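Chemist: Please find the sequence and the predicted model below.
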Amino acid sequence: MSRLQKHLLLTTVVVSLLLAWPAWRRLQIVRAIHAASADREPFTVQQHTLVTGPHAPSGVILEVRTTAVRGDGARVDVNREPRKRWIQRDLAFSAGLRQTVYDDVKAVSTTQLSTDEYQRQLLMTADPNSDCVNSVTGKQLDLRPSRVEGHEIRAGIPVVKVLNGSGILVWQAPSLACLALEHFIDWDPAHPGTNTSALKVDSVTQAEPDPSLFAVPADYQEMLPAQARALHLRFGGVPEDHVQTLVAQMSKTDTFYSTHRPAGK
């Protein structure tokens, strides 16, 4: 998004807020919108998830992740599952445009958030100045109390070590939009280390990301989320009864998709 487009979006949203919100809430929202719209330092983070269990005591790589943020605030989260050959990308652009892309089956689902929905989402942005535990409005992000355990370095990046309300250790990077660079979950505390999941950071590149991460090829087919998800699951060899069960749970997602189509689509 160009600087002019950002300015026009910010102006439109702020004017609507002047008529609809009390002064203290207007100030919070304006600050959140300004923070989300401003140019920021771009980055690309590469990670993997390692799981251990009875059949894999030394660990197995379950998924490989790429998270990239452009200078204009657009973000992509890429999840690859090597065993099933799955590749899913979730794209979020700074004007509320959202896309879920399944590269393995050349399918995409595109939605557009309303101004009000986009504002509410911005209000849940983590505040780096709070060690990433509060939103930009000052409210705690986790429903249960989180505790800052210390400050460390991961892949050359300063991080905050947080024990969240679910008992999960998370290492978040304030300078990278509070992205969780690593986490650790012990599913069987009675037998430590025997059944775990650990997100590990492999590299951090602080530069504009590869443009191809944000591109959707012209031959990809736009379709309902449930339809795209079903193709994706079948591609990975998921049994058909499981596919149907999961698809049946996506009726609300399909309804949201149908009511949030971008203009001209």
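Modeler: Cool, got the structure. Only a predicted model underlies this, so the values are computations on that prediction, with no experimental measurement involved.
Chemist: show me where this structure has strands.
Modeler: Using DSSP state E, the strands found in the chain span residues 43-53, 56-69, 75-81, 86-92, 97-102, 107-112, 147-154, 157-163, 169-173, 179-186, 196-205, 221-222.
Chemist: tell me the most buried of the ones you listed?
Modeler: strand 169-173 (a mean of 21; mean count of other Cβ atoms under 10 Å). Just so you know, the C-beta spots here come from the backbone N, C-alpha and C atoms, and that holds for glycine as well.
Chemist: can you list contacts of that strand?
Modeler: 126, 131-132, 149, 152, 154, 157-164, 178-184 (Cβ atoms under 8 Å, 6 or more residues apart in numbering).
Chemist: could you dump it to CSV, C-alpha only?
Modeler: The C-alpha trace of strand 169-173 is given here as CSV (Å, rounded to 0.1, in the frame of the first residue of the first chain):
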residue,chain,number,x,y,z
LEU,A,169,6.8,-21.0,27.5
VAL,A,170,7.0,-18.5,24.6
TRP,A,171,9.9,-16.5,23.4
GLN,A,172,8.5,-13.3,21.7
ALA,A,173,10.4,-10.7,19.8
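Chemist: how big is the angle separating that strand from strand 196-205?
Modeler: Put simply, strand 169-173 runs at 10 degrees to strand 196-205, going by axes from the mean of the first three to the mean of the last three Cα atoms, to 10 degrees.
Chemist: Sheet partners, orientation included, of strand 169-173?
Modeler: Here strand 169-173 is paired, per DSSP bridges, with strand 157-163 (antiparallel), strand 179-186 (antiparallel).
Chemist: so can I have CSV of the ones you listed showing mean pLDDT?
Modeler: Formatted as CSV, those follow (pLDDT from 0 to 100):
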stretch, mean pLDDT
strand 157-163, 95
strand 179-186, 93
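Chemist: Thanks a lot, see you next time.
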